[in-house]
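K.L.:
Everything below, folded, please.
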Amino acid sequence: MYPGFDNPDYIVDRIEAGAVYGAFLSDNTADDTINILAGIIGIHEEGSIGMLYVKPQYRHQKLATALETYAFNRALENGWIPYGQIIVGNEASMKLQERMGLHFSKSSVYWMANNIIIGHTVRCEQ
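P.N.:
Okay, the predicted model is just below:
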């Protein structure tokens, strides 16, 4: 459910650590209510908020905002400063951060995986 990420074991580890949260919608059309996973967000091992993904059919319903707000509140409850890192070119995420009133770092942050990816750190306003 997290496209472009080629390490499913990492996501399983984060789920087992209790650091991935889901947005579930109810489908009342069946005899029994079925909860459908519409999106996810998580907190990475180093503490950044990310892994935000909402399935295409559930977008434009404020689920991304709800998921990010929830993850930020969880970080605050743990005494952490909420922040995230956005891959350059992820315009949807950049616009979400702007709508939520978050602030972008003045310089880029670099991290390494199989290749170098350039990202921006996003901080919440204190």
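K.L.:
contacting residues around the residue sitting nearest the centre point of the chain?
P.N.:
For the chain, the residue nearest the mean C-alpha position is Leu52 (2.6 Å; CA atoms, centre = their mean). Leu52 makes contact with Gly39, Ile40, Ile41, Ala64, Leu67, Glu68, Ser93, Leu96 under the criterion CB atoms under 8 Å, 6 or more residues apart in numbering. To be clear about C-beta, it is placed using only N, CA and C from the backbone, and glycine gets the same treatment.
K.L.:
just so I have it, where are all the strands in this protein?
P.N.:
Using DSSP state E, the strands of the chain run over 20-27, 34-43, 49-54, 83-87, 103-112, 116-123.
K.L.:
Is it possible to get CSV of the ones you listed that adds mean pLDDT?
P.N.:
Converted to CSV, those look like this (pLDDT from 0 to 100):
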stretch, mean pLDDT
strand 20-27, 90
strand 34-43, 90
strand 49-54, 93
strand 83-87, 86
strand 103-112, 77
strand 116-123, 50
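K.L.:
tell me the most buried of the ones you listed?
P.N.:
Highest mean neighbour count of the strands of the chain: strand 49-54, a mean of 22 (counted as mean count of other CB atoms under 10 Å).
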